[in-house]
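> sequence plus the predicted model coming up.
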Amino acid sequence: MIRPYLRAQSTRFTPLKYRVQSTEYRVNSLSYSTFYFYFLGLSFLFASFLFSFSLAHAQIPTAVDGIDISVNPPNPAPGKDVDITINDYLSDISAAHITWSVNGKKVAEGIGKNDITLTAPDLGKTDNVTMLIQTEDGSNMQKSIVLKSGSVDMIWESGGYAPPLYDGKQDFVYQNTIKVAAMPHLADKSGIEIDPSTLIYDWKQDSTNLEDQSGYGKQAISIVGGIVPRPITVYVTVSTRDGSETASGVITLHPGSPSLVFYKDDPFYGVLYNTALGSQTAFSNQEITLLAVPFSFNIPSLTNNNLEYNWTINGSAQPGLTSNRSVTLRVQDTSADNNYPVQLQLQNLKDILQGDSNAITVMFIASKQNNGISL
């Protein structure tokens with residue numbers, strides 16, 4: 001009687017135990033799966049960190065052997081100094097013996113001699129610069145570069161106003177439109193200069209690339225001075241279509257203020273642009289016309305411009321003359337000297353940084369004191 005009881009009890013207990021073990025197995029399986037995915041997540045984060053770290057340091061221009069050669073300036077002008085420096089990012093070359101050769105001729109050597117200053121070759125010529133690096137452990141490395149030369153002359157002109165027949169160069173003033181042209185000097189292997197119209201021009205103003213004004217044959221650009229009064233730096237890199245010849249140029253323009261000058265408008269000879277009137281000018285005539293001429297202001301035309309003329313004559317403002325470039329002074333009594341102080345404040349209403357003022361004292365000399373002074 002006991003044996004069947006035990007057998008029945010064992011029969012009931014075994015499936016229960018199996019189910020419990022099965023449950024434990026599923027729990028353990030879930031734990032292992034969670035740990036596996038957790039480990040994968042950490043691995044992904046670590047790999048992302050390494051990738052970001054490598055990207056952050058990928059900007060170092062190193063070769064496979066870790067040696068980097070820098071040339072400054074990268075596009076030297078003929079006959080100018082050029083600095084060449086060796087940097088090793090994988091080992092210390094400060095104790096290495098370095099020999100420098102130019103076109104097969106040794107020019108310098110020494111322990112830790114990792115830089116040298118050379119003279120750029122003539123236009124159309126090349127120099128082969130070789131560096132032999134002998135490290136402390138006895139290994140040798142040789143690097144070489146080809147040194148070329150080229151130059152770019154940069155000229156500019158302002159779009160500001162100047163009177164007729166004015167031979168001087170206009171100043172660059174605030175908010176002017178400036179035209180900058182590049183005159184490159186690049187030569188082929190035979191030493192013949194390359195036609196500038198067949199070159200590629202890459203322009204940049206300060207830190208902004210001027211993509212719309214860069215390209216094949218684009219030798220000149222136009223830029224406008226900003227509302228913030230500060231210098232403008234223009235860069236240009238000129239190259240051949242195959243990139244074998246390259247030169248660069250840079251120019252910095254410092255804006256200033258425009259100017260205002262008085263001239264005499266003679267009834268017989270017209271405006272005497274050859275003589276600017278000083279702060280005190282004597283006239284023997286009974287009548288004089290003063291013409292105010294703006295220099296370097298942005299003026300679309302003399303009849304349609306944005307200039308406001310604020311005249312003050314004998315201390316009295318003349319609000320009715322704000323559009324007049326000239327004023328006419330007359331004296332009735334010629335038997336005595338007469339002085340007329342004249343001030344003018346000129347302002348560009350559109351380009352607000354453009355403005356200037358000038359003052360002149362017109363002295364009419366009495367007829368009895370006339371000593372032949374006449375302008």
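Now that the structure is in, tell me what you want to look at. Numbers count the residues shown, from 1 in each chain.
> okay, now Ala162: neighbour count?
Using other CB atoms under 10 Å, Ala162 has 18 other residues around it. The way it works is simple: take the backbone N, C-alpha and C, and place the C-beta from them, glycine included.
> ok, the residue lying closest to it once chain neighbours are set aside to Gly270 distance?
Of all residues not flanking Ala162 in the chain, Gln170 sits nearest, at 5.4 Å (CB to CB, 6 or more residues apart in numbering). From Gln170 across to Gly270, the span is 22 Å (CB to CB, to the nearest Å).
> which ones are touching the closest residue to Pro255 other than its chain neighbours?
Nearest residue to Pro255 in three dimensions, chain neighbours excluded: Tyr174, at 4.9 Å (CB to CB, 6+ apart). Contacts for Tyr174 (CB atoms under 8 Å, 6 or more residues apart in numbering) come out as 225, 229, 255-258, 351, 353-354.
> same check, this time on Ile232
178, 205-206, 223, 225, 252-253, 255.
> ok so, going back, what's the neighbour count on the residue nearest to Ala162?
Counted with other CB under 10 Å, the neighbours of Gln170 add up to 17.
> same question for Phe268.
Phe268: 4 surrounding residues under other CB under 10 Å.
> quick one, strands of the stretch 251-375 of the chain?
259-266, 270-271, 280-283, 287-295, 307-313, 316-318, 326-330, 338-348, 355-364 (DSSP state E, counting those that start in this stretch).
> of these, flag the one that's most buried.
Sort the strands of the stretch 251-375 of the chain by mean neighbour count, taking mean count of other CB atoms under 10 Å, and strand 287-295 sits at the top with a mean of 20.
> contacts for that one?
Here strand 287-295 makes contact (CB under 8 Å, 6+ apart) with 160-163, 170-171, 258-265, 267, 271, 273, 277, 307, 309, 325-331, 342, 344, 346, 356, 358, 360, 362, 364.
> quick one: stretch 153-173 to chain centroid distance?
Centroid displacement of stretch 153-173 relative to its chain, using CA atoms, centre = their mean, to the nearest Å, is 21 Å.
> before we move on, what about stretch 104-111?
The chain centroid and the centroid of stretch 104-111 are separated by 38 Å under CA atoms, centre = their mean.
> could you list the residues in contact with that stretch?
With CB under 8 Å, 6+ apart as the test, stretch 104-111 has contacts from 95-101, 116, 118, 128, 130.
> give me the buried subset of these.
Of the members of these, the ones counted as buried by neighbours, 16 or more other CB atoms under 10 Å, are 96-101, 116, 118, 130.
> ok, so of those, who is nearest Ala247?
Set against Ala247, the nearest of these by CB to CB is Leu118 (17.4 Å).
> for the closest one, what is the enclosing helix or strand?
Assigned by DSSP states H and E, Leu118 belongs to strand 115-119.
> what's in contact with that strand?
With CB under 8 Å, 6+ apart as the test, strand 115-119 has contacts from 79-86, 100, 102, 107-108, 127, 129, 147.
> ok, which pair from those residues is furthest apart?
Pairwise distances across the contacts of strand 115-119 (CB to CB) peak at 23.9 Å, for the pair Gly79 and Ile86.
> okay, these two: which has more neighbours?
More neighbours surround Ile86 than the other of Gly79 and Ile86, with 20 against 12 (other CB under 10 Å).
> excluding its backbone neighbours, what's nearest the more buried one?
With CB to CB, 6+ apart as the criterion, Ile86 has its nearest non-adjacent residue at 4.4 Å, and that residue is Asn114.
> count the neighbours of that neighbour for me.
Neighbours of Asn114 (other CB under 10 Å): 19.
> contacting residues for it?
Asn114 makes contacts with 85-87, 93-94, 98, as judged by CB under 8 Å, 6+ apart.
> which of these sits closest to Val71?
Using CB to CB, Thr85 is the member of those that sits closest to Val71, with 8.2 Å.
> related to what we said a few turns ago, buried residues in the helix or strand following the strand holding Leu118?
Once the chain leaves strand 115-119, the next helix or strand it forms, by DSSP H and E, is strand 127-134. Buried residues in strand 127-134, defined by neighbour count with 16+ other CB under 10 Å: 127, 129-134.
> pLDDT value on the residue nearest to the spatial centre of the chain, please?
Among the residues of the chain, Asp206 comes closest to the average C-alpha position under CA atoms, centre = their mean, at 2.7 Å. pLDDT for Asp206: 95.
> low-confidence ranges, the protein, go.
For the chain, applying pLDDT under 70 flags the ranges 1-65, 367-375.
> could you list the domains of it?
Following the assignment in automatic domain parsing, the chain carries domains at 1-59, 67-147, 151-253, 259-369.
> the host helix or strand of Ile178 pairs with which strands?
Element membership for Ile178 (DSSP H and E) is strand 177-185. Applying DSSP bridges, strand 177-185 is found paired with strand 151-158 (antiparallel), strand 220-224 (antiparallel).
> just send those back as a markdown table, with mean neighbour count and distance to Ala282 too.
A markdown table is the format used below for the strands paired with strand 177-185 (neighbours: other CB atoms under 10 Å; distance: least, CB to CB, whole Å):
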| stretch | mean neighbour count | distance to Ala282 |
| --- | --- | --- |
| strand 151-158 | 17 | 34 |
| strand 220-224 | 16 | 43 |
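> including distance to Pro319, could those strands go into CSV?
Compiled in CSV, the strands paired with strand 177-185 are given as follows (distance: least, CB to CB, whole Å):
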stretch, distance to Pro319
strand 151-158, 32
strand 220-224, 32
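> which of those strands sits closest to Ala182?
Of all the strands paired with strand 177-185, strand 151-158 sits nearest to Ala182, with 5.3 Å by CB to CB.
> may I have that closest one as CSV, with CA atoms only?
Extracted in CSV, the C-alpha atoms of strand 151-158 (Å, rounded to 0.1, in the frame of the first residue of the first chain):
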residue,chain,number,x,y,z
SER,A,151,52.5,86.1,-57.9
VAL,A,152,49.3,88.0,-58.1
ASP,A,153,49.1,91.8,-58.2
MET,A,154,45.8,93.2,-57.0
ILE,A,155,44.4,96.6,-57.9
TRP,A,156,41.2,98.3,-56.9
GLU,A,157,39.1,101.3,-57.7
SER,A,158,36.3,103.0,-55.9
